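# need a structure here:
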Amino acid sequence: MFRTIPVFRCSAIIIRRSFASRPEFSSDDVTAAREWLSKLNSSTIPRHVGEISFSRSGGPGGQNVNKVNSKATLKVSLDTLLPLLPRLLHPPLQTSRYYAARTHSLVIQSEELRKQTANVDACYEKLHQLLKTTAKDLIPGETSAEQRDRVHKLKKAANESRIKEKKLHSSRKSSRRGSNDD
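Numbering: from 1, shown residues only. The predicted structure follows:
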């Protein structure tokens, strides 16, 4: 989804900097986003943020699909949704596959089921999954103390091996020089 940038290579581990570590996002933003993600569930999203419309479906139902408007379309204006979300999630939602630029909203459809209410619930579930996967991809996890120590040790070992290699290279070159005893 978002490109990660390699920061430095340390033996077999590549330490990466994610989108969330950009300078415009503070550590408070990341902490608030982690708290929000831990509390997120399908009932967290208020039902009043979106408008539901119904139309004829092309899904299962035989002749029923020609008579009943069972396809549900959920249109969620980003102006009402974004204040409920952490700042970290604002840019990726505007590049989501559900984003409609001319209306500045997310448009989610469901026609998999035969009942209107089931399709409405499916729309809200798709919105929940979108928010959840976007947040999980974007918000970095907290680093444990032992992982931090491990990375610190790996950095130290990599630096020591680099210095050792430089000294070895220097001694090889100096041994090739002739002595100035003439």
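# Show the average pLDDT along the helix or strand encompassing Glu165.
For Glu165, the host element (DSSP states H and E) is helix 145-176. Per-residue pLDDT values across helix 145-176 average out to 93.
# elements contacting that helix?
Packed against helix 145-176 by the contact rule (3 or more C-beta pairs under 8 Å, 6 or more residues apart in numbering; DSSP states H and E) you find strand 5-10, strand 13-17. C-beta here means a position set from N, CA and C on the backbone, and glycine is covered the same way.
# which SSE is Thr73 in?
With DSSP H and E as criterion, Thr73 is part of strand 71-77.
# Check which residues of the following helix or strand past that strand are buried.
Scanning forward in sequence from strand 71-77 by DSSP H and E, the next helix or strand is helix 78-81. Going by neighbour count (16 or more other C-beta atoms under 10 Å), the buried part of helix 78-81 is Leu78, Leu81.
# list the helices and strands the helix or strand just after helix 78-81 packs on?
Downstream of helix 78-81, the next assigned helix or strand under DSSP H and E is helix 90-93. Helices and strands touching helix 90-93, by 3+ C-beta pairs under 8 Å, 6+ apart, are helix 116-138.
# so the helix it packs on versus strand 71-77, what angle?
50 degrees (axes from the mean of the first three to the mean of the last three C-alpha atoms, to 10 degrees).
# Just the mean pLDDT for helix 116-138, thanks.
Mean per-residue pLDDT for helix 116-138: 88.
# cool, and stretch 40-54?
84.
# got the end-to-end distance for it?
Taking C-alpha to C-alpha, to the nearest Å, stretch 40-54 runs 27 Å from one end to the other.
# which residues are in contact with it?
69-77, 80-81, 84, 116, 120, 123-125, 127-128, 131-132, 135 (C-beta atoms under 8 Å, 6 or more residues apart in numbering).
# Among the helices and strands packed on helix 145-176, which one carries the weakest average confidence?
strand 13-17 (a mean of 39).
# tell me which strands and helices the helix or strand that that strand is followed by is in contact with?
Downstream of strand 13-17, the first helix or strand assigned by DSSP H and E is helix 27-39. If contacts are counted by 3+ C-beta pairs under 8 Å, 6+ apart, helix 27-39 sits against helix 116-138.
# Counting by contacts, list what the helix it packs on packs against.
helix 27-39, strand 50-55, strand 71-77, helix 90-93, strand 105-110.
# one more time with 6 Å
strand 71-77, strand 105-110 (3 or more C-beta pairs under 6 Å, 6 or more residues apart in numbering; DSSP states H and E).
# Centre of the chain to that helix, how far?
15 Å (C-alpha atoms, centre = their mean, to the nearest Å).
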